[in-house]
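Colleague: Predicted coordinates and the sequence they were generated for:
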Amino acid sequence: YDAKCVFCRIARREEPGTALLPCEDEDLVCFRDIKPGAPHHYLVVPVKHMGNCKTLKTEHIPLVRRMMEVGKAVLQKNNFSDLNDVRMGFHWPPFCSIAHLHLHVLAPASQLGFLSRIYYRINSYWFIT
């Protein structure tokens with residue numbers, strides 16, 4: 001836990017302005033992005049403080065898979081069912097604003113605005129899927 005990290009505080013329910021969405025994984029939390037790039041834009045965050053996506057190793061593959069499953073489940077709970085029109089990924093440092101691992105879940109990807117298509121561009125120098 002890092003008290004200076006806003007995502008750590010959100011995960012511990014210390015940020016009353018951020019509502020957590022139902023999540024079936026006790027090691028993860030999910031909430032809406034404060035600057036949505038799509039009609040559905042959620043962040044899936046480990047409760048335990050982890051660095052950005054550059055710190056991921058082979059042993060983290062199950063964690064990332066669970067993060068993706070939580071993202072899909074939250075979309076479905078919010079009446080979005082076309083899982084072929086979803087974009088998920090991580091901002092690559094130095095392009096991540098919070099140094100706590102977080103997966104962006106955006107849908108429908110086909111409705112991303114001009115700037116969001118750039119900011120969340122698949123496998124760009126700054127956003128990896």
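Modeller: Arrived safely.

Colleague: the longest helix in the chain is where?
Modeller: Using DSSP state H, we find that the single longest helix of the chain is helix 61-77.

Colleague: check contacts around the residue nearest to Leu63 when sequence neighbours are not counted.
Modeller: Among residues not flanking Leu63 along the chain, Pro46 sits closest, at 6.8 Å (Cβ to Cβ, 6 or more residues apart in numbering). Using the backbone N, CA and C atoms, a C-beta is placed for each residue, glycine as well. Pro46 makes contact with Ala11, Asp27, Leu28, Leu63, Met67, His100, Leu101, according to Cβ atoms under 8 Å, 6 or more residues apart in numbering.

Colleague: Which PyMOL command selects the buried ones in those?
Modeller: Buried members of these, defined by 16 or more other Cβ atoms under 10 Å, are picked up in PyMOL with:
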select buried, resi 11+28+63+67+100+101
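
Colleague: taking the contacts of Pro46 one by one, which sit in helices?
Modeller: Those of the contacts of Pro46 lying in helices (DSSP H): Ala11, Leu63, Met67.

Colleague: of those residues, closest to Pro36?
Modeller: Within those, proximity to Pro36 (Cβ to Cβ) peaks at Met67, which comes in at 18.4 Å.

Colleague: gap between Ser116 and Ser110?
Modeller: Ser116 sits at a distance of 11 Å from Ser110 (criterion: Cβ to Cβ, to the nearest Å).

Colleague: Fine, thanks again, bye for now.
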